[in-house]
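Novice: whatever this is, show me its structure:
(2 chains)
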Amino acid sequence: MKLADWKGALSALGNANGMRVAEALEETGWRCASEIARPLKLHIATVQSHLAALESAGVAESRERVGGRPAREYRLRSREVELSFAIEGKDGGCISKAERLGLLSSLKEHASRISPEIGARVASCSAVAPLVAELVRHLGRGTASAIVAAAAHDAGMSRSKVERFMEKGEEGAI
Amino acid sequence: MRVSSGIEGLDELLTGGFPDGTVNLVCGVAGSAKSLFGLQFAYAGAREGERSAFLALEESRENVLRAAHAYGFDLQMEEKRGTMRLLDLGEVRAACTSADEASGHITDFPALMGTVKALSGEFGMKRLVIDSVSAIALYYPTPDEFRRELFRFCRGLKELGFTSMLIAESGKDGSLGQGVEQFVTDSVIVLGYENVKGEYRRTLTVYKMRFTRHDPYKHPFLIGEGGIEVDPEEVIY
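Specialist: Got it, this is the predicted structure:
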């Protein structure tokens, strides 16, 4: 992606729903707006507008659906598209996709070690914020915060970076 | 109402068991079977269908399960049944860097109270064991601060209404825990491992028990196949 394209991409991904749509695309291959809208509980028109913004920013690409009813399908333009943007500069609260996945995995691991029961409850969480909310619900804020600190350490991130990331809300921070 | 200790012979010394909703301290030197005492209390409740929680602050979950298994306590089965919750909070302490622990007060009494409240709300236990509060004492620079926070913590536990057991280490000189726990808890039970007339024996003494009469003498106990067995008839002078 060229430097000039970052502005459009930032605008498309800076929106919470835009980011969710991008993440939905990242998880699977070609998908049309209605397939994305349903699990995200977004209106199809909202998803279409975010898809258009993502395509225009060069993050996603589209094609006419092959077979079946006519529809436009989208996917991320390249597996190498890195969903990490330096919004605030150095260590300013943004974390990369790889860091987020590392954090998620480590949080789940710690939760399971503390109690398999709690581990099972967070196993299906695909984002950090709901997982941490679940930890707070089961273990209280102090202990949840300690787990986040431990997971951040495992993922090679500073605790403050993770806290800022969480304060901002996952989507807004990336 | 009384809550059975689950320990053979002990309820007799307590005139029926622990008074309901009290905060009880069990302390002793290393190897005096404090953790086993706590496990037995929690497991006995779980087997009777009373939800019980065991918070391990030092031993790993694997070690607790292994120790329990040695005495035939099937904690995992009770977990599956929904009557037992074993939390390995030592895992959190071990995983955090020292800098995090020092700056974040992550395993101090307020954090622990947060966990207990969350657990109470979500799991609704009737019995709680914390093994051990000595691990938390490390985060307090002075006994005064530790006592103040422990007092608040015990008040919080009482408000939550379940019967709880705090486990603490005592020194070889006979000092109880950090020297402050016995003043803020409702009861103090001291487990010993001492030389009695040339023979090493395990001993149990109920030093203090609010809201009930209790036997104040030192009694021997054995660790049998099913855990601790106190002899309420024999007294060690």
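Novice: so B:Leu119 is in which element?
Specialist: Using DSSP states H and E, B:Leu119 maps to helix B:109-122.
Novice: keeping just the C-alphas, turn that helix into CSV.
Specialist: The C-alpha coordinates for helix B:109-122 follow below in CSV (Å, rounded to 0.1, in the frame of the first residue of the first chain):
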residue,chain,number,x,y,z
PHE,B,109,-6.5,-7.5,49.5
PRO,B,110,-8.6,-5.1,47.4
ALA,B,111,-7.9,-7.1,44.3
LEU,B,112,-8.6,-10.3,46.1
MET,B,113,-11.9,-8.9,47.4
GLY,B,114,-12.8,-8.0,43.8
THR,B,115,-12.3,-11.6,42.9
VAL,B,116,-14.2,-12.9,45.9
LYS,B,117,-17.1,-10.6,45.2
ALA,B,118,-17.2,-11.6,41.5
LEU,B,119,-17.0,-15.2,42.5
SER,B,120,-19.8,-14.8,45.1
GLY,B,121,-22.0,-13.1,42.5
GLU,B,122,-21.4,-15.5,39.8
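Novice: what ranges do the strands span in chain A?
Specialist: Assigned by DSSP state E, chain A shows strands spanning A:31-32, A:60-64, A:72-76.
Novice: export these as TSV, with columns for distance to chain B, mean pLDDT and mean neighbour count.
Specialist: Placement of C-beta: from N, CA and C, glycine included. Formatted as TSV, the strands of chain A follow (distance: least, CB to the nearest CB, whole Å; pLDDT from 0 to 100; neighbours: other CB atoms under 10 Å in any protein chain shown):
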stretch	distance to chain B	mean pLDDT	mean neighbour count
strand A:31-32	36	86	20
strand A:60-64	38	84	15
strand A:72-76	34	85	19
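Novice: would you turn those strands into a markdown table with distance to B:Gly16?
Specialist: Output for the strands of chain A, formatted as a markdown table (distance: least, CB to CB, whole Å):
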| stretch | distance to B:Gly16 |
| --- | --- |
| strand A:31-32 | 66 |
| strand A:60-64 | 71 |
| strand A:72-76 | 68 |
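Novice: one step back: and the helix holding B:Leu119, what does it pack onto?
Specialist: Here helix B:109-122 touches helix A:128-154, strand B:52-56, strand B:84-88, strand B:127-131, helix B:143-160, going by 3 or more CB pairs under 8 Å, 6 or more residues apart in numbering or on different chains; DSSP states H and E.
Novice: ranked by average pLDDT, which of these falls at the bottom?
Specialist: Among those, helix A:128-154 carries the lowest mean pLDDT, a mean of 83.
Novice: list the contacts of B:Gly192.
Specialist: B:Gly192 sits next to B:28-29, B:32, B:202-205, B:218 when contact means CB atoms under 8 Å, 6 or more residues apart in numbering or on different chains.
Novice: identify the farthest-apart pair in these.
Specialist: Spatial extent of those (CB to CB) is set by the pair B:Val29 and B:Lys218 at 14.4 Å.
Novice: where does chain B have low pLDDT?
Specialist: When residues are selected by pLDDT under 70, those of chain B lie in B:95-107, B:171-182.
Novice: which parts of it are strands?
Specialist: For chain B, applying DSSP E gives strands covering B:2-3, B:18-19, B:23-28, B:52-56, B:84-88, B:127-131, B:163-169, B:187-196, B:199-209, B:218-224, B:227-230.
Novice: enumerate the residues of chain A near chain B.
Specialist: For chain A, the residues in contact with chain B (CB under 8 Å from any CB of the partner chain) are A:110, A:113-118, A:136-143, A:145-147, A:149-150, A:153-154, A:159.
Novice: bridging residues for B:Ala53?
Specialist: B:Arg85, B:Leu128 (DSSP bridges).
Novice: please list all residues in contact with it.
Specialist: Per CB under 8 Å, 6+ apart, neighbours of B:Ala53: B:42, B:84-87, B:119, B:123, B:125, B:127-129.
Novice: likewise B:Ser132?
Specialist: Contacts for B:Ser132 (CB under 8 Å, 6+ apart) come out as B:34-35, B:57-58, B:166-169.
Novice: make TSV from the residues you listed and add neighbour count and distance to chain A to it.
Specialist: Shown next, in TSV, are the contacts of B:Ser132 (neighbours: other CB atoms under 10 Å in any protein chain shown; distance: CB to the nearest CB, whole Å):
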residue	neighbour count	distance to chain A
B:Lys34	24	22
B:Ser35	22	18
B:Leu57	21	11
B:Glu58	18	14
B:Leu166	26	17
B:Ile167	29	19
B:Ala168	27	20
B:Glu169	20	22
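Novice: residues near residue 139, how many?
Specialist: This is for chain A. When neighbours are defined as other CB atoms under 10 Å in any protein chain shown, A:Leu139 has 28 of them.
Novice: wait, I meant chain B there
Specialist: Under the neighbour criterion other CB under 10 Å, B:Tyr139 is assigned a count of 18.
Novice: likewise for the one 5 residues further on?
Specialist: Close neighbours of B:Asp144, defined as other CB under 10 Å, add up to 10.
Novice: how far away is it from B:Cys154?
Specialist: From B:Asp144 across to B:Cys154, the span is 16 Å (CB to CB, to the nearest Å).
Novice: check B:Val129 too.
Specialist: Distance from B:Val129 to B:Cys154, by CB to CB: 14 Å.
Novice: the more surrounded of those two?
Specialist: The residue with more neighbours, out of B:Val129 and B:Cys154, is B:Val129; 28 against 22, by other CB under 10 Å.
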